[in-house]
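Novice: How does the following fold in three dimensions:
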Amino acid sequence: DSAGNTLRMAFYGTELILTARVGPESAKIYATIDGVPVPDLPRDDRGSYLTLRSSDQTVDRELVLARGLSYQEHHVELLSAGSGTVAISQVRVVAQSPFPWAFSMLEVTLAAGIFLALRTLARSLPERFAATRRTRGSR
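Specialist: Now for the predicted structure:
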């Protein structure tokens with residue numbers, strides 16, 4: 001029985017995913033991020049929660065705890081509640097870039113710059129070879 005056990009951690013990211021054991025002997029965990037209930041989770045009078053109890057066979061399952069967080073440091077608190085066990089094998093943090101379009105813009109700008117440089121070089125080569133031939137031919 002793990003009722004009342006608490007996990008607290010700081011993380012820097014936009015998404016938090018747990019890999020936890022879900023099954024008939026699992027408990028419920030209450031969750032807060034930055035001291036407030038998690039908006040996308042179900043709620044009761046004690047706060048937002050994830051139910052790990054299931055009538056199915058016990059398996060490890062990925063559970064999205066939070067998504068769409070601002071790109072900054074956050075503090076999560078998980079509290080086990082009720083009878084049953086809580087087994088979390090992994091906490092994964094995803095940090096999406098706050099400006100995903102910036103990398104695309106950089107790639108497009110780089111590609112356009114390379115294209116223009118090659119085009120300019122290709123146009124100037126015939127003129128340079130012609131000038132070299134004229135210089136050699138007049139000797």
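Novice: Just the buried residues of the longest strand anywhere in the chain, please?
Specialist: Counting residues, the longest strand found in the chain (DSSP state E) is strand 59-81. Buried residues in strand 59-81, defined by neighbour count with 16 or more other CB atoms under 10 Å: 63, 65-66, 69, 74, 76-81. Every C-beta, even on glycine, is put in place using the N, C-alpha and C of the backbone.
Novice: Stretch 25-44 now?
Specialist: If you call a residue buried by 16+ other CB under 10 Å, then stretch 25-44 has these buried ones: 26-33, 37-38, 41.
Novice: Which members of those occur in strands, if any?
Specialist: Those of these lying in strands (DSSP E): 28-33, 37.
Novice: For residue 48, see how far away the residue positioned nearest the centre of the chain is.
Specialist: When CA atoms, centre = their mean is applied to the chain, the residue found nearest the centroid is residue 94 (2.6 Å). Distance, residue 94 to residue 48, by CB to CB, to the nearest Å: 19 Å.
Novice: before we move on, back to that, return the closest of the buried residues of stretch 25-44 with respect to residue 16.
Specialist: Each of these was checked against residue 16 using CB to CB; the closest is residue 33, at 7.4 Å.
Novice: Hmm, residue 26 and residue 82 touching each other?
Specialist: No. Contact criterion CB atoms under 8 Å: residue 82 and residue 26 do not qualify, at 9.5 Å.
Novice: Let me see the ranges of the helices in this structure.
Specialist: Secondary structure of the chain (DSSP state H): helices located at 100-137.
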